[in-house]
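Asks: Sequence and predicted structure below; questions after.
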Amino acid sequence: MHRYHPDLAERSVPRYTSYPTAAAFKPLPDAHADALAAVAVDTPISLYLHIPYCHEICWYCGCNTGALGRPERMDSYLAALEGEIARVGGAVRAPVGSVHFGGGSPNAMQPAAFLALSKTLRRHFMIADDAEWAVEIDPRHFSLGTAESYAAAGVTRLSIGAQTFSPQVQARIGRLQPWRQIAQAMSDARDAGIARFNLDLMYGLPDQTLDDVAATISAALLLAPDRVAMFGYAHMPQLLPRQRRIDESLLPDAEARFWQSALAHDLLLEAGFEAIGFDHFARPEDSLARAAREGTLRRNFQGFTDDRATTLIGLGASAISQFDGLFLQNEKHVGSYRVGAANGLLMGTRGLVRTPEDRMRGALIERLLCTGRVDVAEIAAEHGQSSHALIADLDQLGELTERGLATTRGSTVTVTPIGRPYARLIAAVFDTALQARQGRFSKAV
Ligand code: SF4
């Protein structure tokens, strides 16, 4: 059951991987050392490592990455990153329950370099034996040798960028990769002992049709992933010049995007996946689905997650850390990061100190997006805040409740089944800073 509302689907809202969002970050050059010193010693934390290089650059990509070119660029980046790992690891005494490599393409690194990096991490951080090690990979550059190095490093999950299996859509986004290549990458990983797989797909791509989406989902199911993410393509060429290569005239309109997303949702549920939040799907036995059922699903800078750590430490250029009451982003420019980190500096440069109200609203938005329901008075009480402002915000839900996308009962808001695609719009009602930042975010659907 899906209902298209053209005026709502057209609106731009944040993805809310944090609240306030990274758009509100300001220079914070001196916060890093104190933030690390304040990390509790006995509570598990998570690590995120950013590798800002790819073999080739896809036209649609919104990540902080560049073409690798000469291999020495990676070598000097990794030397700087190892320096940062040593400094940050030396300042933090907490156990690590999860390690995530993103980018860019972490497999732009040579397998031996990846293995060496994993050893550096283990030397400087107390990484639990049962920690999840997840790596985002570009399957076009993945071999059995890479898989074996990853397995030796302790990698437990691969996140594979597939986007679409339609050759004509692949040609429109500058990313040609046959299904067989992805199947081979997964088979190599399974042979090496890596057992868990996420597949990232997209809708709203140029020249993409409902038939393409259906065929892509069918092809994806043959690969037997544990999780599927179905992201809407966000076309923002004013912010991402590489997207200017995409022919705008071929982009599906808001209504076509809506039905593509709806079709993917229905096909994945039909195939036995459970819907997680508004754009993820997982097999019932996967830990993400379990977390959703048990009410422990979280949302952080990596999206929906079963990771319960409240401290996330980002390492590498542009990586964002989440500390108690503080978001801190490392220097984004890779060259400047390399120079600074190689010279012994801590690289957190921009961020935001969260006010008690930010934390309350952030918790509210996270719970709403993760569970589809939130009692705003309860959230206020949990944060020792007055609930007056949140209760007043409920009045703004009028147009959404009238259309049956959300319901309110007392101080509780519930996203209805037909409201799920509009969940970010419902969350945006509680985002006090949104108006000032309109126009910098992706479409709601
Ligand atoms: S491989 Fe991934 S990170 Fe690299 S350019 Fe393509 S989409 Fe972006």
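Replies: Yep, that arrived.
Asks: May I have the residues that are in contact with the residue of the stretch 101-250 of the chain found nearest the ligand?
Replies: When scored by C-beta to the nearest ligand atom, the stretch 101-250 of the chain has residue 138 as its residue closest to the ligand, at 4.2 Å. Glycine gets a C-beta too; all of them are placed from N, C-alpha and C. Contact analysis of residue 138 by C-beta atoms under 8 Å, 6 or more residues apart in numbering lists 54-55, 105, 107-108, 161.
Asks: do that again at 6 Å, thanks
Replies: By C-beta atoms under 6 Å, 6 or more residues apart in numbering, the contact set of residue 138 is 105, 161.
Asks: next one: residue 32
Replies: 346, 348.
Asks: quick one, phi psi at it?
Replies: phi -60, psi -50 (degrees, to the nearest 10).
Asks: and the gap between it and the ligand?
Replies: Noted for residue 32: a distance of 26 Å to the ligand, by C-beta to the nearest ligand atom, to the nearest Å.
Asks: Quick check, pLDDT for that residue.
Replies: We note a pLDDT of 96 for residue 32 in this prediction.
Asks: Relative to residue 335, how far out is it?
Replies: Going from residue 32 to residue 335 by C-beta to C-beta, to the nearest Å gives 19 Å.
Asks: now swap in residue 295 and tell me
Replies: 44 Å.
Asks: And for residue 428?
Replies: Using C-beta to C-beta, residue 428 is found at 36 Å from residue 335.
Asks: Looking at those two, which one has more neighbours?
Replies: Neighbour comparison, residue 428 and residue 335: the larger count goes to residue 428, with 20 against 13 (by other C-beta atoms under 10 Å).
Asks: which residue does the stretch 251-400 of the chain bring closest to the ligand?
Replies: Nearest residue of the stretch 251-400 of the chain to the ligand (C-beta to the nearest ligand atom) works out as residue 318 at 12.3 Å.
Asks: Now do the contacts for residue 232.
Replies: Residue 232 neighbours (C-beta under 6 Å, 6+ apart): 203-204.
Asks: If it is in a bridge, with which residues?
Replies: residue 203 (DSSP bridges).
Asks: can you pull the pLDDT of it?
Replies: So, for residue 232, pLDDT stands at 96.
Asks: and the residue nearest to residue 21 when sequence neighbours are not counted, what helix or strand is that in?
Replies: Of all residues not flanking residue 21 in the chain, residue 14 sits nearest, at 4.6 Å (C-beta to C-beta, 6 or more residues apart in numbering). Under the criterion DSSP states H and E, no helix or strand holds residue 14.
Asks: Tell me how many other residues surround residue 14.
Replies: 24.
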